[in-house]
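Chemist: A predicted structure for the sequence below; I have some questions about it.
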Amino acid sequence: MNKNFTFTIKNISLDENYHPADNTRITTNFANLARGESRQQNLRNALKMIDNKFNALANWDNPKGDRYSVELEIITVDMDIENIGQTFPSIEVLKTNIVDHRTYERIEGIVGNNFSSYVRDYDFSVLLSEHNKGQSTFSVPDDFGELHGKLFKSFVNSKTYKQNFTKSPVICLSVSDNKTYHRSNNQHPLLGFEYHANESSLTEQYFKKMGLQVRYFMPPKSVAPLAFYFFGDLLNDYTNLELISTISTMETFQKIYRPEIYNANAVAGSCYQPNLQNSDHSLTQIVYDREERSKLAIKQGKFAQEHFIKPYQTVLEQWSANCSL
């Protein structure tokens, strides 16, 4: 059944001139930044923050802190279920590339970073809501996330992925504000101190069905741990510069989207519970509409239901039942 799904990749630079494509999920965080009167200044400021963080971490042979800059590509993955040229935008991620201004070399970074998916919007914003309607206690369907997980693994294992990317993806997300994290003695020179969660979150379980495991690290000069989702061995499969490209990119976005956690004025301690109500934080000079984003997640989940889940329900169920990924 796998051969019936064809993946195609489109890429566009995320720079200060970026305009979201018509089929880009508007809830995609960088698309939210690129709209409105402040769009160009938003993007310029965000990219400068990424470069500054990168150079702060890649500080060897970098006396002026300006040796490197990061270039970002938005990777959109379209899926054709019936091989008739009719595609659905299944996944959107970011790819980092590093420019070394001393050697004039352009170094490939990591693909993944930010992760967006219409089907995930459907699962979290439509399916969960419908499943719990009228229920006194919250529960999750038994097969929650299985289709999405198999679709993601199918893409990562596809010829299309292997032709375009040399390493497995790493996705970097915010920690959960309803979990407690304990700092361990394990310290990586770039990822920083490792933290362990007191229990598994729904997001963690969802990403596990995508084949991804998670580790939590607080990089140097950061104030809160980040959640790194990956295949294989996070600490040994990637170079220093590759890891720094993901840290600098995603910590910057989290400072914008979750300033209460990632731009807090106090550093996470040995026992840490993130708090989105934390008033002791600083704001970036970047305009971001978090309330609008949550409303659009529902709208886009319904779009996935109407244009993907319902029309292809039988095909998807048969494929998922026979898929051994």
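Modeler: Everything's here; your move.
Chemist: Just the pLDDT for Gly269.
Modeler: Note on Gly269: pLDDT of 95.
Chemist: Kindly report the same for Arg293.
Modeler: Per-residue pLDDT puts Arg293 at 59.
Chemist: now do Asn32
Modeler: pLDDT, Asn32: 62.
Chemist: what do you get for Ser139?
Modeler: pLDDT, Ser139: 88.
Chemist: can you count the residues close to Phe165?
Modeler: Phe165: 18 surrounding residues under other C-beta atoms under 10 Å. (Glycine included, C-beta is placed from N, CA and C.)
Chemist: Ignore what I typed, I meant Val140.
Modeler: Using other C-beta under 10 Å: Val140 sits among 15 other residues.
Chemist: Is it correct that it is in contact with Leu127?
Modeler: No - judged on C-beta atoms under 8 Å, Val140 makes no contact with Leu127 at a distance of 9.4 Å.
Chemist: Next, the contact list for Lys209, please.
Modeler: Lys209 makes contact with Gly145, Glu146, His148, Gly149, Lys150, according to C-beta atoms under 8 Å, 6 or more residues apart in numbering.
Chemist: And Arg102, by the same measure?
Modeler: Contacts for Arg102 (C-beta under 8 Å, 6+ apart) come out as Asp61, Arg67.
Chemist: now the strands: where do they sit in the stretch 1-150 of the chain?
Modeler: For the stretch 1-150 of the chain, the strands defined by DSSP state E, counting those that start in this stretch cover 6-14, 68-80, 87-100, 105-116.
Chemist: any chance of those strands in TSV, with mean pLDDT and mean neighbour count too?
Modeler: Listed next are the strands of the stretch 1-150 of the chain as TSV, based on pLDDT from 0 to 100; neighbours: other C-beta atoms under 10 Å:
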stretch	mean pLDDT	mean neighbour count
strand 6-14	90	15
strand 68-80	93	20
strand 87-100	92	21
strand 105-116	94	20
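Chemist: right, so of the ones you listed, which gets closest to Lys179?
Modeler: Taking C-beta to C-beta, strand 105-116 is the member of these nearest to Lys179, at 19.1 Å.
Chemist: how far off strand 68-80 does that closest one point, in degrees?
Modeler: On the basis of axes from the mean of the first three to the mean of the last three C-alpha atoms, to 10 degrees, strand 105-116 is oriented at 50 degrees to strand 68-80.
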